[in-house]
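Peer 1: how would this look folded up:
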Amino acid sequence: AIVGATPPLRVRSVGFCGSPLGGSARAFASGAIDPLARNIGISAHIDSGKTTLTERILFYTGRIHEIHEVRGKDGVGAKMDSMELEREKGITIQSAATYCKWKDSNVNIIDTPGHVDFTIEVERALRVLDGAILVLCSVGGVQSQSITVDRQMRRYGVPRLCFVNKCDRTGADPWRVLEQVRSKLKLNAAAVHVPIGLEDKHDGVVDLVRNEAVTFSGPNGSDIKIGPVPETLAPLVKRKRKELIETVAEVDETLGEIFLMGDEPSVEELKGAIRRATVAKTFAPLFMGSAFKNRGVQLLLDGVVDYLPAPHEVDNVALDLDKEEAPVVLKSDPKAPLVGLAFKLEEGRFGQLTYLRIYQGTIAKGATIVNTSTGKKIKVPRLVRMHSEEMEDVNEAKAGEIVALFGVDCKSGDTFAEPGTNVAMTSMRVPEPVMSLAVAPKSRAESANFSKALSRFQREDPTFKVRLDEESGQTIISGMGELHLDIYVERMRREYKCEVDVGEPRVNYRECITAKANFDYLHKKQSGGSGQYGRVVGYVEPLSEEELKALNASSSSGNESDKTNNIVFENGIIGNAISPGYILACDKGFKEAAQTGGLIGHPVEGMRVVLTDGASHAVDSSEMAFKLAALSAFRQVYDKAKPKILEPVMQVEITVPSEFQGTVIGNVNRRKGTIQDSVAEGDDVIITCVVPLKNMFGYSTELRSMTQGKGEFTMEYFQHQPVSQDVQAELCAEYGKTRKAAAA
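Peer 2: Residues are numbered from 1 along each chain as shown. The predicted structure is shown next:
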């Protein structure tokens, strides 16, 4: 005790093991799920101090042994410094899941990507989280990116704690931030801390749950002093504690009963109620402190353990592939059949490292597991847990844990299960890419790295496709939008030191027919010996909308080989005018021809081909003859079927401050967009519209300049729609020119 202090202050020093010196041993039955394990992510608006906060968390949990600042004078930089790549990642941690220990809890801090053009990867990273810390700046408050991050957490049902950082900054006002959390994020939130001094007088916080003052001192804030509430703060603390109890009592039945009886809840009762409400996502506790000045971080870590859910308290749903992706609730039971998700791949010194989150069952070294995406069986070669910079070998891992596998060939988002369990953690439906770019390495010396990068990115992200254009010989990359492809080009430059020449963005058009048309084509060739003979008669017609919907639903299970764009072939021949052996060749010929439409050479979709008659020759007919007859018949009939060009149209959601609403809507109309909805949410307006993709190029820069950097938008594929006559004529003329130039 410190002399002269009444009542005596309790002083504790946090050691590098992350717990007060002499921490207790863990006590849970072997074979059971660890109730103290936590899988968390840290998300925030840029420059809210999440890099600094993560640095302190790693220091207090013994993961690193000295603190470096983001822009420190020592030139080392923070461990997690992500300034250069912040537009690509929400937080960049050296490994995808950093394992650290706080008191008796194993905490995995998981790398949560930012909004990487709304791809599958964000969904997979957020699936792995059981809880999150939303960091807010005490001066800036709730900013645009805070709203985006909160929206993602809401979409994937992630419970969260809020941490008001930078309480030492001039102009800090955590109570204003609390109001913004309630009004802008619509969260049922209340403070669990009251700051002891703000700006340069910020010394610590009053813990409202325990009703005691906590101050931090020592070179790294490691000496924590716990004492009574300062008299000057007593009225405010009393008011804020009452507000906390009232807010939680509204959403928690047990605390509600205690509150109605007029009793004062005990510390354990209040903690239990906050935990239940946080896990149920009906309440968000608000912590305060300053990561830079080492204030309040240890209490935030206590909050992670006290209030965020353990893996077994979160419902995880898988999709049963044997029952048309019917949802199945997984049990966090180590004895149940294994189900795990590969959520991140990393190229390490020893080859590909695959991060695996175990949802159900136990994975053991040497066991046989099945990749449900490919059906391949593999033996687990080596299991490691990422611990500091070292890899710690483990023999087994149970449900709720995160481990890494070596030497396993798989893609990001693959599900591993025990043989006999055919489930997937994410849907196998992968959206078709909507935009393409031609790319080439600047020098021949870089072509090996260029190929390596492309093959790795395809494994990581199923929405990223690479193909070789046969006409031009160029490498074409396709993805979900401009930002998506820009990031991959940037990653080639940074991670593979490969400078890339990028061509003009291309839109993935489609073609379709709008009328029924008949064909009758005879393919006849005689050149000595057996010739070629095949006659096909029939008609083509467009599919109805109902038929297209049914086809889209049935082709859901990610069958890469079936790329026929909803071309339906029917044999309507009565009798044997064409031998049944040649019907398959006709089918192949029509589907191959539909890959390049006659207008601009893009695939044709939504068409039915019906064969009604034909003729074959006893000697000269062959599969090749009928395939060629079908190809030529398609080209002959295509113009008669009144073809149209379809362009990809995007569903765009724009969030801007209300004063810019008129300007932004005017700009959408100029881009030939259709406004669907406009809703006011607090100070912002959310505009929903559909805009052709080709008119969205360069929109992010224009939106920033129109809204002083305050606007943001998300964009996802909606559908392909017919273009207007003038645009069709323009595209056909352009295609004719390129064909002539290629032939010359």
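Peer 1: so where do the helices sit in the stretch 201-350 of the chain?
Peer 2: 234-251, 253-260, 267-279, 297-307 (DSSP state H, counting those that start in this stretch).
Peer 1: Would you map the strands across the stretch 601-744 of the chain?
Peer 2: Under the criterion DSSP state E, counting those that start in this stretch, strands of the stretch 601-744 of the chain are mapped to 607-615, 643-657, 674-681, 684-692, 712-722.
Peer 1: Pipe the ones you listed into TSV and attach mean pLDDT, mean neighbour count and distance to L548 per row.
Peer 2: Every C-beta, even on glycine, is put in place using the N, C-alpha and C of the backbone. Supplementary listing: the strands of the stretch 601-744 of the chain in TSV, determined by pLDDT from 0 to 100; neighbours: other CB atoms under 10 Å; distance: least, CB to CB, whole Å:
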stretch	mean pLDDT	mean neighbour count	distance to L548
strand 607-615	90	20	10
strand 643-657	88	21	12
strand 674-681	86	12	21
strand 684-692	89	19	18
strand 712-722	81	17	10
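Peer 1: Among these, which comes closest to A438?
Peer 2: strand 643-657 (17.9 Å; CB to CB).
Peer 1: and that closest one, which strands flank it?
Peer 2: Strand 643-657 has these partner strands in its sheet, going by DSSP bridges: strand 510-513 (antiparallel), strand 684-692 (antiparallel), strand 712-722 (antiparallel).
Peer 1: quick one: which of these is nearest V248?
Peer 2: When the strands paired with strand 643-657 are compared for distance to V248 using CB to CB, the nearest one is strand 684-692, at 28.5 Å.
Peer 1: and that closest one, C-alpha only, in PDB?
Peer 2: Output for strand 684-692, consisting of C-alpha atoms alone and laid out as PDB, is shown next (Å, rounded to 0.1, in the frame of the first residue of the first chain):
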ATOM      1  CA  ASP A 684     -26.500  11.700 -44.100                       C
ATOM      2  CA  VAL A 685     -28.600  10.700 -47.100                       C
ATOM      3  CA  ILE A 686     -28.400   7.200 -48.500                       C
ATOM      4  CA  ILE A 687     -29.200   7.200 -52.200                       C
ATOM      5  CA  THR A 688     -29.800   3.800 -53.900                       C
ATOM      6  CA  CYS A 689     -29.700   3.700 -57.700                       C
ATOM      7  CA  VAL A 690     -28.800   1.500 -60.600                       C
ATOM      8  CA  VAL A 691     -26.100   2.700 -63.100                       C
ATOM      9  CA  PRO A 692     -24.500   1.100 -66.100                       C
END
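Peer 1: to the chain's geometric centre, what's the distance from that strand?
Peer 2: When distances are taken as CA atoms, centre = their mean, to the nearest Å, strand 684-692 is centred 21 Å away from the chain's centroid.
Peer 1: and what of stretch 727-744?
Peer 2: Its chain's average C-alpha position is 38 Å from that of stretch 727-744, according to CA atoms, centre = their mean.
Peer 1: possible to save the strands paired with strand 643-657 as JSON lines with distance to L330?
Peer 2: Listed next are the strands paired with strand 643-657 as JSON lines, based on distance: least, CB to CB, whole Å:
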{"stretch": "strand 510-513", "distance to L330": "38"}
{"stretch": "strand 684-692", "distance to L330": "34"}
{"stretch": "strand 712-722", "distance to L330": "28"}
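Peer 1: do you know which of the ones you listed lies nearest K186?
Peer 2: Taking CB to CB as the criterion, K186 comes closest to strand 684-692 out of those, the separation being 12.2 Å.
Peer 1: Show me the beta-bridge partners of I476.
Peer 2: Assessed by DSSP bridges, I476 has beta-bridge partners A438, R467.
Peer 1: That one: neighbouring residues, count only.
Peer 2: Other residues within reach of I476, judged by other CB atoms under 10 Å, total 18.
Peer 1: got it, and M706?
Peer 2: As a burial measure, M706 scores 16 neighbours (other CB under 10 Å).
Peer 1: So it sits against Q661, correct?
Peer 2: No: under the contact definition of CB atoms under 8 Å, M706 does not touch Q661, with a separation of 10.9 Å.
Peer 1: okay, the strands of the stretch 601-744 of the chain in CSV with distance to V248 next?
Peer 2: Conversion of the strands of the stretch 601-744 of the chain to CSV gives the following (distance: least, CB to CB, whole Å):
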stretch, distance to V248
strand 607-615, 60
strand 643-657, 30
strand 674-681, 26
strand 684-692, 28
strand 712-722, 33
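Peer 1: Nearest to S700, out of those strands?
Peer 2: Among the strands of the stretch 601-744 of the chain, strand 712-722 comes nearest to S700, with 7.3 Å by CB to CB.
Peer 1: Distance of E570 relative to P159?
Peer 2: 53 Å (CB to CB, to the nearest Å).
Peer 1: Just list the residues touching F259, thanks.
Peer 2: Going by CB atoms under 8 Å, 6 or more residues apart in numbering, F259 touches 245-246, 249, 265.
Peer 1: quick revisit: between E570 and P159, who's got more neighbours?
Peer 2: When E570 and P159 are compared on other CB under 10 Å, the one with more neighbours turns out to be P159, at 24 against 12.
Peer 1: circling back: now list the buried members of the contacts of F259.
Peer 2: The neighbour-count test (16 or more other CB atoms under 10 Å) marks 245, 249, 265 as buried among the contacts of F259.
Peer 1: wait, which of these is closest to V329?
Peer 2: A249 (30.3 Å).
Peer 1: for that closest one, what are its contacts?
Peer 2: The neighbours of A249, taking CB under 8 Å, 6+ apart as the test, are 255-256, 258-260, 273.
Peer 1: again, only using 7 Å
Peer 2: Listed by CB atoms under 7 Å, 6 or more residues apart in numbering, the contact set of A249 reads 255-256, 259.
Peer 1: Reformat the residues you listed as TSV; add distance to V685 and pLDDT.
Peer 2: Formatted as TSV, the entries for these read as follows, by distance: CB to CB, whole Å; pLDDT from 0 to 100:
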residue	distance to V685	pLDDT
L255	38	82
G256	37	84
F259	38	80
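Peer 1: okay, these in CSV with distance to M288 next?
Peer 2: Conversion of those to CSV gives the following (distance: CB to CB, whole Å):
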residue, distance to M288
L255, 22
G256, 26
F259, 24
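Peer 1: Relative to G351, which of these is nearest.
Peer 2: Comparing those against G351 with CB to CB places L255 closest, at 52.0 Å.
Peer 1: distance of the residue lying closest to the closest one once chain neighbours are set aside from L301?
Peer 2: The spatially closest residue to L255, leaving aside those adjacent along the chain, is A273, at 3.7 Å (CB to CB, 6 or more residues apart in numbering). Distance of A273 to L301, computed by CB to CB: 21 Å.
Peer 1: Repeat that for A172.
Peer 2: When A172 is compared with L301 (using CB to CB), they lie 22 Å apart.
Peer 1: Then L58?
Peer 2: Computed as CB to CB, the L58 to L301 distance reads 11 Å.
Peer 1: Equivalent analysis for G598, please.
Peer 2: 65 Å.
Peer 1: swap in K710?
Peer 2: 33 Å.
Peer 1: quick one, which of the two is more surrounded?
Peer 2: Set side by side, K710 and L301 show unequal neighbour counts under other CB under 10 Å, the larger going to L301 at 23 against 17.
Peer 1: correct me, but the more buried one touches C100?
Peer 2: No: the pair formed by L301 and C100 falls short of the contact definition of CB atoms under 7 Å, at 9.4 Å.
Peer 1: any low-confidence regions in the stretch 401-550 of the chain?
Peer 2: Confidence mapping of the stretch 401-550 of the chain against pLDDT under 70 gives the ranges 426-432, 434, 470-472, 528-529.
Peer 1: I'm done for today, thanks for sticking with me.
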